[in-house]
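**Student:** Generate coordinates for the sequence data below:
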Amino acid sequence: MDAENTNHPAGSSPARSAHPHGASAGDPHPHGERAGAGRRGGTDGEDLYTLYLAGGCFWGLEAFLKRLPGVRRTVAGYANGSTENPSYRDVCNWNTGHAETVAVTYDRRILPTDVLLDGFFEVVDPTSLNRQGNDAGTQYRSGIYWQDEADLPAIEAALRRQQARYTEPIVTEIEPLDGFYAAEDYHQDYLGKNPHGYCHIDLAAAEAFARRMGLAEGQPCIQFDGLCESPDDPAVMGAIPGIDAGSSETQGASAGEARNPGGAGAGGADDGADDALGAPAANGPGAPGAAGPLDAAGVADAIRAQGYAAPPDEELRRALSPEQYRVVREGATERPFAHPYDRTFEPGIYVDATSGEPLFASADKFDSGCGWPAFSRPLSKDVVTEHLDRSFGTLRTEVRSRAGDAHLGHVFTDGPAEAGGLRYCINGAALRFVPLERMDAEGYGYLKPLVEQQEASRMPALR
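**Tutor:** As a prediction, the model looks like this:
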């Protein structure tokens, strides 16, 4: 894991070490300068205004907000505390009362305040008290700090919309701004300067939210039924990796439809804790000793020839841990940085925890910095299926296993460009790692030459 990531361990206390220094970002609020009134006016008819939003570590929140059309400036800083001119160490180690906050200046013609707040709540859990993601402490509380009482109706309406989504009470702090101090230069645009640094937010959600809401840079927002334009434009669907705008996936296919074009059926694992789950037949192409790396078509054919399948659901429930079952069968997401596979980079393959079908190779794994195992591609496009996911008010592409029909995670378009630009963000609980030296014994010898060849030629970006 990158050094930056170790500053946000799971279950961390409010005290943390300072982040590594970076280049100056030329902040409009130099470190220690107290913010004044909200900005209004602007050039070319812009209607600029500033709100102060707190939502966990300001690195991720600032990076998310920067990606929204209409945002003109962001400043990471500390708000609504009891001390003047606090440093990062002060905020982390002493009871200063400050919240890590982003001052966001935006053009309200393009990004209305109510839409900005809906975007904020796309990536902030308003029911989590003094915690977002892995970051715990009062400085990580969620909050909306305003300077003009005229903002209150929009803020209160946004909270009512959120309360309708949750059964737990909303704990986001709504207060007038009582001091804002820009953070040190190295915190400004941190993820822009450190693309693989720690991030508790899925930054791809910004693009998905903008598409869904009809936001576009330079295009004034004329709201109709809460949107700036219809989100059902085929171009929107076509922009999502793996989704054809005219396919049945965009027509609201149910959980059991169009997920297994090959008809492999549901997946599972056997009861023996020491046995390989869904291992290939000993007399099939996967028998130990098969020689020579396979090409792409050969990989797909060889894997399909094994006939991977999963046991009945009741057997699967017994074989898997409760968390594994929730992930693969109920679509749950494990906590970031919680699974050891996030930090596993040894040679080998990752197989479907439900059926044993090979899914990913170690040579395609990289550290994305966001806390889940990440791959630039599957072993074969044939071993996964992709589906439109509208859950939690976002637009994403879900990835499921072919043979096991297990929920694996999602695919995004912010992966390493030199490796194709995709990031398969996968729950470790949905996988089982088979080390290279165990592949023969567990019936995956037919893929061993391929894994060895890929490891020898692994791209620098994935090392």
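**Student:** for the stretch 351-463 of the chain, what spans make up the helices?
**Tutor:** For the stretch 351-463 of the chain, applying DSSP state H, counting those that start in this stretch gives helices covering 448-456.
**Student:** what residues are up against Val123?
**Tutor:** Contact analysis of Val123 by Cβ atoms under 8 Å, 6 or more residues apart in numbering lists Gly55, Gly60, Leu61, Phe64, Ile201, Asp202, Ala205. To be clear about C-beta, it is placed using only N, CA and C from the backbone, and glycine gets the same treatment.
**Student:** ok, of those, which one's closest to Pro195?
**Tutor:** If you rank these by distance to Pro195 using Cβ to Cβ, Gly60 comes first, at 12.5 Å.
**Student:** Give the rounded mean pLDDT of whichever strand or helix holds the closest one.
**Tutor:** For Gly60, the element it lies in under DSSP states H and E is helix 58-66. Looking at helix 58-66 alone, the average pLDDT works out to 96.
**Student:** Remind me what it packs against, helices and strands.
**Tutor:** On a contact count with 3 or more Cβ pairs under 8 Å, 6 or more residues apart in numbering; DSSP states H and E, helix 58-66 meets strand 48-55, strand 71-79, strand 99-107, helix 113-123, helix 190-193, helix 204-213.
**Student:** Throw the ones you listed into JSON lines and include distance to Ser457 and mean pLDDT, thanks.
**Tutor:** As requested, the helices and strands packed on helix 58-66 are arranged in JSON lines below (distance: least, Cβ to Cβ, whole Å; pLDDT from 0 to 100):
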{"stretch": "strand 48-55", "distance to Ser457": "41", "mean pLDDT": "96"}
{"stretch": "strand 71-79", "distance to Ser457": "40", "mean pLDDT": "97"}
{"stretch": "strand 99-107", "distance to Ser457": "42", "mean pLDDT": "97"}
{"stretch": "helix 113-123", "distance to Ser457": "37", "mean pLDDT": "95"}
{"stretch": "helix 190-193", "distance to Ser457": "30", "mean pLDDT": "92"}
{"stretch": "helix 204-213", "distance to Ser457": "28", "mean pLDDT": "89"}
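**Student:** wait, which of those is closest to Glu442?
**Tutor:** Proximity to Glu442, assessed across the helices and strands packed on helix 58-66 by Cβ to Cβ, is greatest for helix 204-213 (34.2 Å).
**Student:** what's the angle between that closest one and strand 71-79?
**Tutor:** 130 degrees (axes from the mean of the first three to the mean of the last three Cα atoms, to 10 degrees).
**Student:** just how off-centre is helix 204-213 within its chain?
**Tutor:** Centroid separation for helix 204-213 versus its chain: 13 Å, with Cα atoms, centre = their mean, to the nearest Å.
**Student:** what angle sits between it and helix 113-123?
**Tutor:** Using the same axes, to 10 degrees, one finds that helix 204-213 and helix 113-123 are set 140 degrees apart in direction.
**Student:** tell me what helix 204-213 is packed against?
**Tutor:** Counting contacts by 3+ Cβ pairs under 8 Å, 6+ apart, helix 204-213 packs against helix 58-66, helix 113-123, strand 396-401.
**Student:** same thing but at 10 Å, please
**Tutor:** Secondary-structure packing of helix 204-213 (3 or more Cβ pairs under 10 Å, 6 or more residues apart in numbering; DSSP states H and E): helix 58-66, helix 113-123, helix 234-238, strand 396-401, strand 407-412.
**Student:** could you dump these to JSON lines with distance to Lys381?
**Tutor:** Conversion of the helices and strands packed on helix 204-213 to JSON lines gives the following (distance: least, Cβ to Cβ, whole Å):
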{"stretch": "helix 58-66", "distance to Lys381": "30"}
{"stretch": "helix 113-123", "distance to Lys381": "29"}
{"stretch": "helix 234-238", "distance to Lys381": "18"}
{"stretch": "strand 396-401", "distance to Lys381": "11"}
{"stretch": "strand 407-412", "distance to Lys381": "11"}
